[in-house]
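Engineer: compute the structure for the input listed below.
(chains A, B and C)
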Amino acid sequence: MTTDLPLTGRARPDRVPHSLPEWRALGGYQAVERALALTPLQVLDTVDAAALNGRGGAGFPAARKWRFMPAAADAVSPGPNYLIVNGDEMEPGAFKDRFLLEALPHQLIEGTIIAGFATHATEAIVLIRDDYRAAIAGLTRAIAEAEAAGLLGDNILNTGYSLHIRVHPSAGRYIVGEETALIAALEGGRAMPRKRPPFPAQSGLWGRPTTVNNVETISHVPHILAHGAQWFRALSRTEEGGTKLYGLSGRVNRPGLIEAPMGTTARELIDRAGGVSGNGRLLCFQPGGGATGFLGPEALDVPMDFGHVAKAGSMLGTGTLIVLDETACPVEVTARHMAYYARESCGWCVPCREGLPWAARILHALEEGTARREDLQALHDIAREASPRGRSFCDLMGGAMGPLASLLSRFGDLVDDHLHGGCPRRRAP
Amino acid sequence: MTIKLKIDGREVTVEDGRDLLSIALEQGVDVPHFCWHAALGSVGACRMCAVKVAPGEGTPGKVEMACMTPASDGMVVDTTDAEAARFRAQVIEWLMLNHPHDCAVCEEGGACHLQDMVVATGHHDRRARGPKRTHRNQNLGPLLTHEMNRCIGCWRCLRFYRDHAGGRDFNAFGAHDRLYFGRAGDGPLDSPFAGNLAEVCPTGVFTDKAWSGVYARPWDLSATPAICTGCSAGCNVTLNERGGTLRRVLNRYHGAINGFFLCDRGRWSPWSVDGPGRLTGAVTLPRVAGAVGLGSPRASLESNWALRRLVGPGRFFAGVSDRETALTARMAALLKASPVPSLTEMAAADAILVLGEDLTATAPRAALALRQAVRGAERDLACKKGVALWLDDAVRVAGEGRRSPLALVTALPDALDDIASFAIRRAPHDMAAFAAAILAALQGRPADAEASAIAQALSTARAPLIIAGAGLGLAGPVEAAASLATALGPKARLALFPAEAGSFGLSLLAPAGGIEAALAELERNPGPLVVLENDLFRRADPALVERLFAKATQVIALDHLATETTTAAALAVPVAAPAEAAGTWVNHEGRAQRSFAFRPADPQAPTAWRVLAALAGETPEPGLDALLEALVADLPALAAVRDGAPGVDHGPVPRAHPRQSARTAGNHPDRATRTDPDSPLSWTMEGDRAPEPALATWTDRPGLHSVSAEYAAQQWIGGPLKGGDPGVNVLHAAADAPALADPPPGAGLLGLPLHSPFAAHEADAASPPLAARAPAARVTLHPADAARLGLTAGALLVIDGRPAPAPLSLDPDLPAGHIGLSGLRALRPVILGGAP
Amino acid sequence: MTGILDQLWRIGRMLFLPKQTRGYPEVKPVLPPRYRARIVLTRDPDGQERCVACNLCAAACPPDCIEVVKAETEDGRWYPATFRINFSRCIFCGFCEEACPTSAIQLTPDFELADYDRDSLLYDKQDLLIAGPGKRPDYSYWQVAGKAIAGKDKGAGENEAPPVDLKDLTP
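Structural biologist: Have a look, this model is predicted:
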C-alpha cells in the first residue's frame, strides 16, 4: 500500500501510538522481513539509490554515512557496532521528531532494525530528550512488544540477525544533539563534542564503529525497503529523495507539521499553514529552525531541500520554518536565539563560551536602546570572526551565527535604528 | 617518512604524522596557544593557535587551528596572516571579557602565559560592557591557591590531573561561561602531583601557596639549577631565591627523567631550608682523630667522600642498617650489568611488573611514568584506527580503554591499582615466591594461573620492565626482579630504586657496612663517632642506635636539621642544607648530576665537606672542583663525576635576573658576594646564560616569560634538551656484590612500612608546607591480629620502647602478622611493649 | 669692536632689568600640581592603604631604587610589608606613578628633601604613607579587582556579577 504521505500517513490524529497487532494490520514489519532477506550491502545500496539525506540538520546522505561501518570481519578490533538514533530534538522551532516518536514508535523500530542490519550493528540506542516523556514511555512499550513477538532482539524473524534496542533518556541539553557530544554523554562523561576525524564510524561510542542518525531519517527507511528506491525518489520534487516532515511556527495562522514532497517551496508550506499572520505580509523566515539564516520573500519559491536552500544563502537544517511578519522584529528573534545558544554552550571552546553571551547581551541592549555604536561594531566583529567553519570547535557557534550574520547583512539599517532608542516596533508612535 | 612544508616562508622538513603547532614551535615560530601542552597533546579547545593554511603553493588558504591540523607535504603555513592574527586577537578579547583586573594582586603576574598572549595580540582595552563573571574559590590545602575568577577555560588542569596523573577528586562543573574547576568541596587535592597545576595553569588560578606567602615577582627571583633530594629519581628543579630566602621550587625540564612534572614532595621539601627545624648555633670545631664515620643516604657524594677521607675507608660506614647497605650495593651491582632505563624509557615499556615497591610513595615521579606507560596498548589500537597520536582525546576514545599490562605485587592496596591489570596482594616474605612462580612459568614449568598470565604478558611484550626497590628492605623481591629480567632476555629492562637520593652515591664509596658493622668496629677499636646528615633513629632500630652512641667515645653529628640524633650527640655541628651546597647526586639509573646552591651557605653552617676537612685539621679545598679532583684521585672509577657540570672557570653564569628591581634601594649590592667558589654560577647578574643544560637558570625570553614557553630548550618537543640531558653515568664504578637472601621472618610481629608520598624522611617533616599536607601518622593492625593481642582501635601502643606515633587503627587489608607503621624504614621485627 | 660694544650693551643692561631672584626659602616657588618631587603612598577613599605590593613601580623604576615586599592580610588583601625608596637614587621621573595600577604611589610638588645624611634619604613606608587619597580621590582598586577581601565579597565590586552558583541546575 503506497501513499503520498508514507511517513505520517498511518499516524492517528490524537497521536496515540498503535499496538503491535494494530501496526502489523496496517502493513507494519513487512519492510523488516524484506530487508533481512537481503544482504546488508543490498539494503545499503537501496537506501543509497533512494537519495535519502539525513534529516537531522546537516543533510549528509544517509547511506554514505552507513558505508563507513565495517562488518565484524573487517573491524580493526573485536567488539560491537553501535547504531544511535538521535531523538534529542532541541533546536528552537523544531518539533517534528516528537511527532514521529510519540505517534509512530514501531515505524522507528522498523527503521532502526533495517539501518542496524545495514551497518552491522548489534546494539541500538535511541537517545530521547528527557522532556519527551510520552515518547519515551511509548517507545519503551513498543520495543517490549516487538521483542516479545520475535521482531526484535536475538535472531529476529529467525534470520540470524540480532539487534537490541534500548531507550536512553538524555540527562543533558542542546549540545547532546551534536553526534559526538551525544556519544560522550552516553559514555557517562560531560556532553562535549569530539573532533572529527576520527569519525564515529572509525571510533565512536566506547571507541567502537558507530552511526548516529536522526529520528526522521530512520523513520523513512522502512518505506524505502517496502516500496523501493525509485518510488522514494519519485516522491520528491528535486534530486533529494522522499518526503520531508516540514514544520511551521511563528507568524503563521496554523502552526504545525506538514509532510510534503522534498523540495516543496516555502510559499506552498506557508499557504498550507494558513498564510502569514500578524499583518499578513512576510518579512523573513528561517528555513530550518533557530540555527539557520533569515531568508526573505525573494526566497519563497526556492525548493526547500538541502542543496537549494544552501545555494540561496541559508540552510534547510531541520526543515521547521520560523516565520516573521513585518510587525515582528528580527532583532528580537535573534536576541532570543542568541540567549538560548549562549545558555546551551557546553563550555569547551572560547568563541562559543565567551562570544555568545556577549552577543546575546549586545542584542538585548539593542532591544532596550542602551547599545552604543561600539557594541554594534563588536557584534559585527563576533559575527565576522565566528561565522566561518572551523573557527569554533563544533557547529553550535556556526549555527548561532546563522541568524546573527544574516540579521546584520539583511537588516543592517533596522539594526542601526535600534541604536536610537531601542526597537522601533516597540517605540511609541 | 619525511615531508616538506613552508612555515612563514621557511621550508622545513619533518617526519610525517605531526601537527602544525608542535612543528612551528620547534622551528622557533612561537605560535600563540593555550590548551596545547607538550606532555598533554592537542585538543583544540582554546582556538588561539589560528594560522593560515593552504594545501599547496598558490592555493587559497583557510584559517585553521595549528594544533589540530595534520602537517602534509607541500603545505604552506602563514602565522602572520592578517586574517589569522585578527581571529587570535578576537579570541583574546573573548577571554578578557570576564578575566578580572587583578594582575596587580596575582602571583602569576610577570610569568603569566595569558599576559604574554594578550600582549602578543596587542589587546589593551575592554570595550565590552556588562558585569564580569565571578566565582567563589575553594581552600585546596596548604600547597595550592585557588582563584577561579582568573580561569580562561583552557582545560589543561583537568587534562593533567585526571588524564595524565590519574587523579579523581577534581573535575569541571557547570557549562558555558559559568565553567568551574575544583573539588567536590574544600580540602587538599589527593594526588601527590597536584602541585604541577601551578605550572600547568597558564593563568593564576592555581599558584604555589608557599611562594605566595613569601612572594616576590618572577623577575626579581634568582634561579639556580638543582637536583631534588626527595627520592632516588633525581628530578631536576630550579630553586628561586630573593633576599637570601627560598621563594619557590620549579620544575626544570629533563628529557630523560622528570620531563615537565615534579611530585609534591620534591616541590615543597626544600622549604625546610628556612623552616624552624634548622640546626643552628656556632660551634668550635675540634680536631677529630680515629673516628668511625657514618655516611648518609641524604647527603651529597662529596660530603660522604669527605667523611670517608676523614675517617679512612676502613672506618667508613653507611648510616643505615647492614642489610640496607648490602642491599643498596647489590642493587648497584645488578644494574651495572644491564642498560638501566630512564624514567622516559620506563614510560615506553609495554609490560611492567612491580615487585613489592609502593612506587607512588618511594619514587613518585616513576609512578607517574608508569601511568603513561600503561597507555601504550591504547595508543597502539588508536594508531591502527588511523588516529594521530597527538590528538590526545581521540586516542583515549579510540583506544577502547585498553591498558598495557601492569602487574603490582604489593603488601597493601596500591595507588596504582586503578591502572593495574594484575593487582596482587602478598605478604612481603611471600613476594619472592610469587616472582619465582612467574619465572617458572617463563621457563615452561607449571605455575598458578595468575603467575602464568603475568609471565605470558611479560614474555610477549616488546619492552618488558621489572621494577623493585628498597621500600620494604627485603632482598627477595630485588633478586627475583633481576632473575626475571635475565630470563626475559636483552629486550627486558630492570629498574631498582634505592631508598634515598644519596643512597647510590654513598654505596659507590664502598662503605664497610652499616650501623651494626660500625658498632662492631667501635667495639674492636673505640673512638669517636661522626654522623653525617642523618637522623639515625629514623633509619634503624632505635635500640641499636642507642647502643652505638653508648659505645662511641664521643658523638659528633653534622646536619642542617635539628633531629633526635643531633640532640643526642655531644657535639651538633650545623652544616649547609643540600639546597645551600653544590654537590653530586647519583640517581637510580646511576646518573650523577650536579646540584648547586641557591644562596651562599651561612658562614656558621658551611658545606659539610668543608666542616669535615676542618675536623681533620686540614684547610678545605678552595672549591668543589678541587674537592672533586681529590675524590677522583682517590677513586679513579668515579672520574666521570667531574663531567656532571662545567667547572668554576666556565663562568660567570648569572643566577640573578637582569630585570630585578630594588638594586639601589639600600641593600648595598657592592658588598654582596659575587662569585661562588663551587660553581661557575655567580650570585649577581654578571655573565651570560650558559648553553649547557646543567647550568640552566631562568628561562624567560622576550615576550615569553612563563613556564608555558619552555619548549624552546628542547631539541624536539618533549625530547632531550639542546646540549643533551644533564648527568653522567657512573654505575660502572659499583663493586660486584653477591646475591642476598632475607632472614626468615620469625614468630613476632613484623613492622611494615607505611610509606607516604608527602613524608619520606626528616627533611620533609621539617618543611612547613609539606608537613601541613602530610597525612597523619598511622599504626595499623589486621583486626584478627588485634583481637589475638587483645587490642582495640584507638589503643596507644608502645613500640620498641617508644610511644607509637598514632593511636591504633584496624585495617583488614594488612597482611596477618604485620603491624603497619608510618615512618618505618624497612620491614623489621618490632616489640610491642606496654600491651596487655 | 662693534662686537665688544654689543656684548657690553647686552650684558650691561642686565644691571637695570628687573631681578628674577626669588627669595627662597622665605618665598616658596609656586609649582604646578603635577610637578614631580616627593613620592607618597596614598590611601583608598575608605582609608586603607592603596598599595598592593604589585611591584610594578619597582620594576618600572629606572635606577631600581624602590623595594617592595608583599604581605597578605587574613582576608587576602595584599599590602606592602616593606616599601622603601632610596631618594639618593631617585630621579623623580614619575614612571612609578605611571606604572601603579592602584593610584597608590604618587609624586607631589614637595621638593624639599635635601639632607646631610645619606641614610636619612632611605624612606620607608611610615615616611611615605599619607592619610589621604591624593590625586585620584575616588579610585579604589579593590572594587574592580574581582578578588574578595574584607568588606568586598565576590560579586560585590563594580561591574561584577554575583558569584556563580554551581549547584544551580537552571540554564
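
Engineer: for the rest of this, base every contact and every neighbour count on C-alpha atoms.
Structural biologist: Fine.

Engineer: so which residue is dead centre in chain C?
Structural biologist: Geometric centre of chain C, nearest residue: residue C:106, 1.7 Å, by Cα atoms, centre = their mean.

Engineer: bridged to that one, which residues?
Structural biologist: The partner list for residue C:106 in beta bridges (DSSP bridges) reads residue C:40.

Engineer: so how far is residue C:40 from it?
Structural biologist: In this structure, residue C:106 and residue C:40 are 5 Å apart, going by Cα to Cα, to the nearest Å.

Engineer: got the phi/psi numbers for the residue in the stretch 201-350 of chain A that chain C sits nearest to?
Structural biologist: Residue nearest to chain C within the stretch 201-350 of chain A: residue A:343 (5.8 Å; Cα to the nearest Cα). In this entry, residue A:343 is assigned phi and psi values of phi -70, psi -30 (degrees, to the nearest 10).

Engineer: wait, it touches residue B:179, no?
Structural biologist: No - using Cα atoms under 8 Å, residue A:343 makes no contact with residue B:179, being 11.7 Å away.

Engineer: which one of these two has more residues nearby?
Structural biologist: The residue with more neighbours, out of residue A:343 and residue B:179, is residue A:343; 23 against 20, by other Cα atoms under 10 Å in any protein chain shown.

Engineer: which pLDDT value goes with that one?
Structural biologist: In this model, residue A:343 is scored at 95, pLDDT.

Engineer: which positions in chain C make contact with chain B?
Structural biologist: Residues of chain C lying close to chain B (Cα under 8 Å from any Cα of the partner chain) are C:52-56, C:58-59, C:61, C:63-72, C:78, C:84-86, C:89, C:101, C:122, C:144-147, C:154-155, C:158-164, C:166.

Engineer: distance-wise, check the residue nearest to the centre of chain C relative to chain A.
Structural biologist: Distance, residue C:106 to chain A, by Cα to the nearest Cα, to the nearest Å: 33 Å.

Engineer: look up how far chain C lies from the closest residue to residue B:390 other than its chain neighbours.
Structural biologist: Setting aside the residues directly before and after it, residue B:390 is nearest to residue B:41 in space (Cα to Cα, 6 or more residues apart in numbering or on different chains), at 5.0 Å. Residue B:41 sits 29 Å away from chain C, going by Cα to the nearest Cα.

Engineer: with residue B:444 instead?
Structural biologist: For residue B:444, the distance to chain C - Cα to the nearest Cα - is 59 Å.

Engineer: tally of neighbours for that residue?
Structural biologist: As a burial measure, residue B:444 scores 11 neighbours (other Cα under 10 Å).

Engineer: for it, give me its contacts.
Structural biologist: Taking Cα atoms under 8 Å, 6 or more residues apart in numbering or on different chains, we find residue B:444 in contact with no residue.

Engineer: can you tell me the element it falls in?
Structural biologist: Following DSSP states H and E, one finds residue B:444 outside all helices and strands.

Engineer: tell me the confidence at the residue in the stretch 301-450 of chain B positioned nearest to chain C?
Structural biologist: Chain C sits closest to residue B:393 of the stretch 301-450 of chain B, with a gap of 25.7 Å, by Cα to the nearest Cα. At residue B:393, the model reports a pLDDT of 96.

Engineer: how many other residues sit next to it?
Structural biologist: 19.

Engineer: my guess is it meets residue B:40, correct?
Structural biologist: No - taking contacts as Cα under 8 Å, residue B:393 lies outside contact range of residue B:40: 9.5 Å.

Engineer: so which bits of chain A are right by chain B?
Structural biologist: So far as Cα under 8 Å from any Cα goes, chain A lies against chain B at A:76-77, A:194-195, A:197-198, A:202-204, A:206-208, A:342-355, A:357-358, A:361, A:374-375, A:378, A:382, A:385, A:390-393.

Engineer: now restrict those to buried residues only.
Structural biologist: A:77, A:194-195, A:198, A:202-204, A:206-208, A:342-355, A:357-358, A:361, A:375, A:378, A:382, A:385, A:390-393 (16 or more other Cα atoms under 10 Å in any protein chain shown).
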